[in-house]
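1. Quick one: sequence plus predicted model below, questions after.
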Amino acid sequence: MISDSEGARSVPLIALVGRPNVGKSSLFNRLTRSRAALVDDTPGLTRDRQYGAASQGGYRFRVVDTGGFEAEGAEPVTASMREQTLVAIQEADGIIFVTDAQTGPLADDWVVAELLRRSGKPLVCAINKAEGRSGQEMVLEFHRLGLHPLLAISATHAQGLDGLIGRLFAQLDGQGEPVPEPLVDEAAAEEIRVAVVGCPNAGKSTLINRMVGASRLVVSDQPGTTRDAIDLPVWDGSGRRFILVDTAGIRKKSRISLRIEKYAVLAAIRAMDRAQVAVLLLDAERGITDQDRRIANLAAEAGCGLVLAVNKWDVVEGRAAAERRTGSGGRDRSGGDRKKFLAEVEEAFPQFTHAPVLFFSAKTGMGMQPLLPTAFRVWESNRLRISTGALNRWLIDVTAQHPPPRQGGRVVKIRYATQVSTNPPTLVLFTNREVEVHETYRRYLENQLRDHFKFIGVTIRIIFRASSGENPYAPPPGKVETKHRGCAKC
């Protein structure tokens, strides 16, 4: 698996660097014309590096948002955020040092200024939140940092951004030619978006770091470390491009107390809306929870294909082996036995028995090779389109084997079917009258459809509608439809 986070770039990469709560994420969203980065008054909201395509002032470039740089603080998360910022500085072609006009230069600003001065990278110091007279007057205070040029901007009000980007590109030695047209991602249609979802501390960021092959995301034992939904491109061995989306752990609504966590959970749900495949990470140590079931249902509602990924399986197997050696009873119901755990999965997710189940360890990489190929198979199923002729031949066979149940003593006939969309596959079945088809018969049709057309890991939506006409795909009167021309049996 290959990542492009450190690969060749056709446009310059600009890093947004500064202490916490100066408005880096607001500037990132403004430059990328998106709401990809969470924005709040709470310091330290951004933790992972987030990349995006941007265009401003006639230039196009890539921009990376970073967590707030704090010189002090020995907490593991704070230290990891510092490391992420240092990596962004190292790989960037140019840097925008974001400061806050409302507070003036603080101690961490001096530390960051010295760090950027040593980097030798092209640099512009952006005095953010400089709207109004008081903000403009405070700009003079930042001359003490010894960095030039200094430009007053307002990311919230989109003031001064053209001049900011123009001054930075003037230092880039011809990198990035002015472009009048907006950015267009030509490969977007071929991207396979895979959202990695699950409960807090299931190992989502560890999994993506392993697949990318670098410490791209902050990892901690503390639940709720991830907040933004981070997109990371990777390629598999066949050259297929995947966009892996790391998301915040989704807890029960009753347990979400912080506004920030609420925003993070909403971002995770929106990530599933934009993805074609969701990888639901199950914690083998913790076992399957009610919240895992809820997240699977959210993925189905979003129309995602589903892969059930059992993480930390090496820990469960190791514990089971130790207990067998010592003769003590295992406390895990699965006891390291995959067949038993699969039975638990089928019991917990009866409506998702079509979803493939993988066992691996994100920490060690054990068993992770099939993950992207499996996601690709689910993606193919989610975009599979069945011809109307093949669909109606299937319908004739399954309704002949098991006709729809009567409604009010009257016969129900399904006259014909057609597929109206993909992602997820959606079918409309036309009946002879307005009826509410029983859920058991709907499940029967879904299961038969999966078996016949080899749908894997996808939700199939079936809509029943009344039709006054006959089957438009039936042969004309007096004409016998044959499957094999010249066959005596037909």
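-> Right, received. Where do you want to start?

2. drop to CA atoms for contacts and neighbour counts, all remaining ones
-> Noted.

3. part of a helix, is A321?
-> Yes. The assignment for A321 by DSSP: H, G, I helix; E, B strand; the rest coil puts it in a helix.

4. So which residues of the stretch 101-250 of the chain form helices?
-> 107-119, 132-138, 161-169, 204-212 (DSSP state H, counting those that start in this stretch).

5. Buried ones in stretch 137-153, by neighbour count?
-> Residues of stretch 137-153 classed as buried by neighbour count (16 or more other Cα atoms under 10 Å): M138, V139, F142, L147, L150, L151, A152, I153.

6. Could you tell me which residues make contact with M138?
-> Residues counted as contacts of M138 (Cα atoms under 8 Å, 6 or more residues apart in numbering) are A101, Q102, G104, A130.

7. if you set the cut-off to 6 Å instead, what comes out?
-> With contact set as Cα atoms under 6 Å, 6 or more residues apart in numbering, M138 has these partners: A101.

8. Then S381?
-> F455, I456.

9. burial measure for R210, as a count.
-> Look at R210: counted by other Cα atoms under 10 Å, it has 19 neighbours.

10. about what we covered before: of the helices of the stretch 101-250 of the chain, which is nearest T247?
-> With Cα to Cα, the closest approach to T247 among these belongs to helix 204-212: 7.6 Å.

11. Show the average pLDDT along the closest one.
-> The pLDDT scores in helix 204-212 average 84.

12. ditto for stretch 402-415
-> 84.

13. Moving along the chain from the least confident helix or strand in the chain by mean pLDDT, name the first helix or strand you hit.
-> Lowest by mean pLDDT, DSSP states H and E among the helices and strands of the chain is strand 2-3, with a mean of 45. Sequence order places strand 13-17 as the next helix or strand after strand 2-3, per DSSP states H and E.

14. Name the nearest of the buried residues of stretch 137-153 relative to E114.
-> Distances from E114 to those, taken by Cα to Cα, are shortest for L147, at 9.3 Å.

15. So for that closest one, what's the pLDDT?
-> 84.

16. Also N311?
-> 92.

17. burial measure for it, as a count.
-> When neighbours are defined as other Cα under 10 Å, N311 has 27 of them.

18. For A400, give its distance to K413.
-> 11 Å (Cα to Cα, to the nearest Å).

19. Same drill for these two, tell me which one is more crowded.
-> Ranked by neighbour count (other Cα under 10 Å), A400 and K413 place K413 first, with 16 against 10.

20. now the more buried one: how far from Q401?
-> 13 Å.

21. what does E114 give?
-> Look at E114 and Q401: by Cα to Cα, they are 77 Å apart.

22. Of the two, give the one with the bigger neighbour count.
-> The neighbour comparison of E114 against Q401 (other Cα under 10 Å) goes to E114, with 14 against 9.

23. quick one: the helices in the stretch 251-400 of the chain?
-> 259-274, 290-301, 313-326, 338-348, 371-382, 388-401.

24. Just give the nearest non-adjacent residue to N423, would you?
-> N382 (5.1 Å; Cα to Cα, 6 or more residues apart in numbering).

25. F242 now?
-> I192 (4.7 Å).

26. burial measure for that neighbour, as a count.
-> I192, neighbours per other Cα under 10 Å, totals 22.

27. Pop the domain breakdown of the protein in here.
-> Following automatic domain parsing, the chain resolves into domains at 2-169, 188-382, 388-466.

28. where in the protein is pLDDT low?
-> Counting by pLDDT under 70, the low-confidence segments of the chain come to 1-10, 35-48, 71-78, 133-135, 173-190, 214-229, 248-265, 267, 327-336, 468-490.

29. run the last query once more with 50
-> By pLDDT under 50, the low-scoring segments of the chain are 2-9, 38-44, 177-189, 217-228, 254-257, 260-261, 330-332, 480-490.

30. From G213, how far off is S25?
-> Taking Cα to Cα, one finds S25 at 26 Å from G213.

31. now do I127
-> 36 Å.

32. Looking at those two, which one has more neighbours?
-> Comparing I127 with G213 by other Cα under 10 Å, the one with more neighbours is I127, at 30 against 13.

33. was I right about that one contacting I96?
-> No. Contact criterion Cα atoms under 6 Å: I127 and I96 do not qualify, at 10.0 Å.

34. Torsion angles phi and psi at the residue lying closest to R461 once chain neighbours are set aside?
-> Among residues not flanking R461 along the chain, T426 sits closest, at 4.7 Å (Cα to Cα, 6+ apart). Main-chain dihedrals, T426, degrees, to the nearest 10: phi -130, psi 130.

35. if we can go back for a sec, and the buried residues of stretch 137-153, which is closest to D65?
-> Looking across the buried residues of stretch 137-153 and measuring by Cα to Cα, the closest to D65 is I153, at 17.0 Å.

36. Can you verify my assumption that the closest one contacts G163?
-> No. Using Cα under 6 Å, I153 makes no contact with G163, being 9.1 Å away.

37. what helix or strand is Q448 on?
-> helix 439-453.

38. any idea how far that helix is from the chain center?
-> Remark: helix 439-453 is offset 29 Å from the chain centroid, using Cα atoms, centre = their mean, to the nearest Å.

39. Now do that helix against helix 371-382, angle only.
-> Here the directions of helix 439-453 and helix 371-382 differ by 110 degrees (axes from the mean of the first three to the mean of the last three Cα atoms, to 10 degrees).

40. packing partners for the helix or strand that helix 439-453 is followed by?
-> Downstream of helix 439-453, the first helix or strand assigned by DSSP H and E is strand 461-466. On a contact count with 3 or more Cα pairs under 6 Å, 6 or more residues apart in numbering; DSSP states H and E, strand 461-466 meets strand 426-431.

41. Give the partner strands of the strand it packs on in its sheet and their orientations.
-> Using DSSP bridges, the strands paired with strand 426-431 in its sheet are strand 414-421 (antiparallel), strand 461-466 (parallel).

42. So which residues make contact with it?
-> Contacts of strand 426-431 (Cα under 6 Å, 6+ apart): 413-420, 461-467.

43. how far out from the middle of the chain is that strand?
-> That offset, for strand 426-431, works out to 31 Å (Cα atoms, centre = their mean).

44. and it with helix 388-401, angle?
-> Relative orientation of strand 426-431 versus helix 388-401 (the same axes, to 10 degrees): 60 degrees.

45. Counting neighbours, show which residues of strand 426-431 come out buried.
-> In strand 426-431, counting by 16+ other Cα under 10 Å, buried: T426, L427, V428, L429, F430, T431.

46. ok, now stretch 82-99?
-> Neighbour-count burial for stretch 82-99, counted by 16+ other Cα under 10 Å, picks out 82-86, 88-89, 92-99.

47. For the nearest residue in space to A417 that is not next to it in sequence, give the beta-bridge partners.
-> Ranked by Cα to Cα, 6+ apart and with sequence neighbours excluded, the top spatial neighbour of A417 is L429, at 4.4 Å. Beta-bridge partners for L429, by DSSP bridges, are A417, F464.

48. V194: neighbour count?
-> Count around V194 with other Cα under 10 Å applied: 29.

49. swap that for G237, sorry
-> So G237, with other Cα under 10 Å, has 10 neighbours.

50. From here on, call the first residue 3.
-> Renumbered: residue one is now 3, and that last one reads G239.
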